[in-house]
Every structure is written in C-alpha cells, then in structure tokens.
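S.K.: Provided below are the primary sequence and the corresponding predicted coordinates.
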Amino acid sequence: MPATGKLVPTGPTVTVQFERTVPAQPEQVWAALTEPTLLEGWLTQAEFEPAEGGKVHLVWPDGQGEMHGSVTKYVPHRELEYSWNESSGTSLLRFEVEPATEGSTLRLEHFGTSPEDAPGFGAGWQSHLEALDVVLSGATPPAEDRDARYHELRAEYESQLETI
C-alpha cells in the first residue's frame, strides 16, 4: 500500500506532503505530471502549458470541481510548481522528481490549504497518486476506483488533522 501523506500545520494553513517511490524513470514521471493525455489518466481532464508562466486548468467530471493556476517553477524532469486557485481559495502545489534505485522518488507538497480543506486534499492526493502508479505501469485506472479510494481515506486524514 502506498505511503499515507502527512498534514503539517504551517501557521493558519496546512501543508499536505507525500514522498514516495514510483516504479518509473524520472522522464516517465515527468510526462505523467505535464502531458494532458497522461494527466487525465490519473488526475483529471487537463490543460497544461509547459513553461514558467504557463496556464494550468483542471476540470473534474460531474461538477466535482475546477482549478485554474499558473506555472511558477518548471525544471524539466525535476521540479514543477503551480498556483492552485479554486472557489475555496488559493494554494500552491509542488512536485519534485529524483532518480531512485527502483525508479524515482516523487515528492508532492500542497502548501497553503485551509484546515477545512486539508483532509480532502490529503485523501484526494493519495488516491490520485495511487492511480498514477497504475498509469505508470501502462494501465488505466477507472475514475470510480479513485473516487471510492478517496472516500475510504477521508476519515484517516480527518483523524490526522485532529492530532496536529
């Protein structure tokens, strides 16, 4: 089972953190983070402009949400950062990719989430990162599996938030 993320208090906000080994080379992981057709397989429908200042637009199906942002850091195969703007607020998302013995190390940090939103981001990111493993293995995970996994994980992240 992939590692559970951490919710870390950062003043009035919460940072969601994951560090995991993924079974793919950094170039493959990078492609999954930046190419819209691959993003759709593990995250959601995406528009992504691969450069600093580029636009990011994510749309979840069935009215589940929409995010607009812009790329603030773009170091191919190593680091990607973009603003995360939703109706509930603004935050910042960072991915770091490094070579590892068994593929790559992937770090995800979602900075500036509200305490109310942090458990949802924790459960959401974990379910999406688990789907990323499936995509990197060459398969396509059904969106229903991600949704079910999100609901399984949500209470775990709510409990984690209560202890910080």
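M.R.: Looks like it arrived, so ask away.

S.K.: Can you tell me which helices and strands the lowest-mean-pLDDT helix or strand in the chain packs against?
M.R.: Sorting the helices and strands of the chain by mean pLDDT, DSSP states H and E puts helix 143-162 at the bottom, at a mean of 92. Judged by 3 or more Cβ pairs under 8 Å, 6 or more residues apart in numbering; DSSP states H and E, helix 143-162 is in contact with strand 6-10, helix 118-136. C-betas here are computed from N, CA, C, even on glycine.

S.K.: In the last one, which residues are buried?
M.R.: What it means is helix 118-136. For helix 118-136, the neighbour count (16 or more other Cβ atoms under 10 Å) marks 118-136 as buried.

S.K.: Any figure for the gap between the most centrally placed residue in the chain and residue 27?
M.R.: With distances taken as Cα atoms, centre = their mean, residue 125 lies nearest the centre of the chain, 4.7 Å away. Going from residue 125 to residue 27 by Cβ to Cβ, to the nearest Å gives 22 Å.

S.K.: got it, and residue 6?
M.R.: 27 Å.

S.K.: who has more neighbours, these two?
M.R.: The residue with more neighbours, out of residue 6 and residue 27, is residue 6; 16 against 13, by other Cβ atoms under 10 Å.

S.K.: Can you name the residues bridging to that one?
M.R.: In this entry, residue 6 is beta-bridged to residue 17, by DSSP bridges.

S.K.: Verify the contact between it and residue 160 for me.
M.R.: Yes. Using Cβ atoms under 8 Å, residue 6 is in contact with residue 160, at 7.5 Å.

S.K.: Name the residues contacting each of those two.
M.R.: Taking Cβ atoms under 8 Å, 6 or more residues apart in numbering as the contact criterion, no residue touches both residue 6 and residue 160.

S.K.: re earlier: which residues sit against the least confident helix or strand of the chain?
M.R.: The contact list for helix 143-162 (Cβ under 8 Å, 6+ apart) reads 4-7, 14, 61, 115, 118-120, 122-124, 126-128, 130-131.

S.K.: How about the contacts made by residue 47?
M.R.: Neighbouring residues of residue 47 by Cβ under 8 Å, 6+ apart: 36, 55, 56, 57.

S.K.: can we see that at 10 Å?
M.R.: Shown in contact with residue 47 (Cβ atoms under 10 Å, 6 or more residues apart in numbering): 36, 39, 54, 55, 56, 57, 58, 59, 68.
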